[in-house]
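> let me see the structure of the following:
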Amino acid sequence: MTLRGDTLAIKNAGEFVNLKIDGFYLRRPISVCDVEGDVLTLIYKVVGGGTEAMSAMEKGTELLVMTGLGNGYDLSVAGESPLLIGGGVGVPPMYLLARRLLALGKRVTVILGFNTADEVFYEDEFKALGCDVKVTTVDGSHGIKGFVTDALPEEYSYFYTCGPMPMFRALFKATSTSGQFSFEERMGCGFGACMGCSCKTVTGYKRICKDGPVLKKEEIIWAD
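Next up is the predicted model:
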């Protein structure tokens, strides 16, 4: 989905927007894939009524969108050769992050993880940016057979990731450097008022929508 409007509140890669959809009480949080000028690009997967309604929207539809939500990724700690890891619907925010890191002169490696070849998207777009791109599929139908952990390079300065929880747990154990995880969570308000998306960290409870969605590797406490 491509939207045109006021994007000035979007500062960091890894932030998200909250869309008001007619007929639904709660807004839908969607990660920012790219932003350039007044154009905002969102990529989403149809998983329920809200996203299904989004997929049926026609050109010219006007939406109420809360922008600039969440903390986003901290690029100042990336080092010279950061590693970006996106799993499934966690791939989109990696795109803006890659663009920003490349603009800083970093050597960016990207690992994109999917279940099958039919699910693969944005591989060519990352390559066009100039990233070193590796794709994994669980069934081996495209790229490297296995999970994103099977494609980890021997050396990288730091890592950034977004994706499903099982992938996060595996990366937490398999990665050799510090990193940042962008969590997905059901949200009520999207800006920290309702406390519905709180999670426990080493420094206490944090709200995924306001204090996150990005958490540092060292502060994460995994629930049983």
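> pLDDT-wise, which helix or strand of this protein ranks last?
Across the helices and strands of the chain, mean pLDDT, DSSP states H and E gives its lowest value to strand 198-201, namely a mean of 85.
> in that one, what counts as buried?
198, 199, 201 (16 or more other C-beta atoms under 10 Å). In this view, the C-beta of every residue, glycine as well, is placed from N, C-alpha and C.
> for the helix or strand that it is followed by, enumerate the helices and strands it packs against.
Remark: after strand 198-201, the chain's next helix or strand is strand 204-207, criterion DSSP states H and E. On a contact count with 3 or more C-beta pairs under 8 Å, 6 or more residues apart in numbering; DSSP states H and E, strand 204-207 meets strand 198-201.
> using CSV, list the CA coordinates for the helix or strand where residue 53 lies.
Assessed by DSSP H and E, residue 53 sits inside helix 49-55. Output of helix 49-55 as CSV, limited to C-alpha atoms (Å, rounded to 0.1, in the frame of the first residue of the first chain):
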residue,chain,number,x,y,z
GLY,A,49,-10.7,-8.8,8.8
GLY,A,50,-8.7,-5.6,9.2
THR,A,51,-6.0,-6.4,6.7
GLU,A,52,-8.5,-8.0,4.4
ALA,A,53,-10.4,-4.7,4.3
MET,A,54,-7.1,-2.9,3.6
SER,A,55,-6.5,-5.2,0.6
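> which neighbouring elements make contact with it?
Where contact means 3+ C-beta pairs under 8 Å, 6+ apart, helix 49-55 is packed against strand 28-31.
> so for the strand it packs on, mean pLDDT?
In this model, strand 28-31 carries a mean pLDDT of 93.
> going on from that strand, what's the next piece of helix or strand?
Using DSSP H and E, the helix or strand that follows strand 28-31 in sequence is strand 34-36.
> excluding chain neighbours, what is closest to residue 74?
residue 180 (6.7 Å; C-beta to C-beta, 6 or more residues apart in numbering).
> off-centre distance for the host helix or strand of the one you found?
When elements are defined using DSSP H and E, residue 180 is found to belong to strand 179-182. The chain centroid and the centroid of strand 179-182 are separated by 9 Å under C-alpha atoms, centre = their mean, to the nearest Å.
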